[in-house]
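J.: Generate coordinates for the sequence data below:
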Amino acid sequence: MFYTYILYSKTRNKYYVGSTVDLVERLKKHNSNHSGFTGHTGDWCVVWYETFNNKREAIIKEKLIKNWKSRLMIEKLISSARL
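T.: A predicted model of the protein is given here:
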């Protein structure tokens, strides 16, 4: 199983879009003290995800969402499919 996901940080008031094979472990990595966009915050939470049968489909969905470049569209997606 593969996942495309959206994280939210209340501290930064930002969203992060990614894809992974292990959502639980990936969230732990995002919340660890590492360099990079999600590092040093520690309050990222999953606000949306979708499952896929293969990595290719998950990456296509990730790129689609990232190409929106629109917070409003991301928030519409999140509100349409509550976890």
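
J.: is it true that Lys66 touches Gly18?
T.: No - in terms of CB atoms under 8 Å, Lys66 does not count as a neighbour of Gly18; the distance is 9.2 Å. Every residue, glycine included, has its C-beta placed from N, CA and C.

J.: Tell me which residues are up against the lengthiest helix in the chain.
T.: Residue-count comparison of every helix in the chain, with assignments taken from DSSP state H, identifies helix 55-68 as the longest. Identification of contacts with helix 55-68 by CB atoms under 8 Å, 6 or more residues apart in numbering yields 2-4, 6, 17-21, 50, 52, 74, 77.

J.: Just the endpoints, please. Distance across stretch 7-15?
T.: With CA to CA, to the nearest Å as the measure, the first residue of stretch 7-15 is 5 Å from its last.

J.: Just the buried positions in that stretch, please.
T.: Neighbour counts using 16 or more other CB atoms under 10 Å place 7-9, 15 of stretch 7-15 among the buried residues.

J.: More neighbours: which of Lys66 and Gly18?
T.: Gly18 (21 against 11; other CB atoms under 10 Å).

J.: Look at Gly39 and say how many residues are nearby.
T.: A total of 14 residues lie near Gly39 under the criterion other CB under 10 Å.

J.: Which residues are in contact with it?
T.: Listed by CB under 8 Å, 6+ apart, the contact partners of Gly39 are 32-33.
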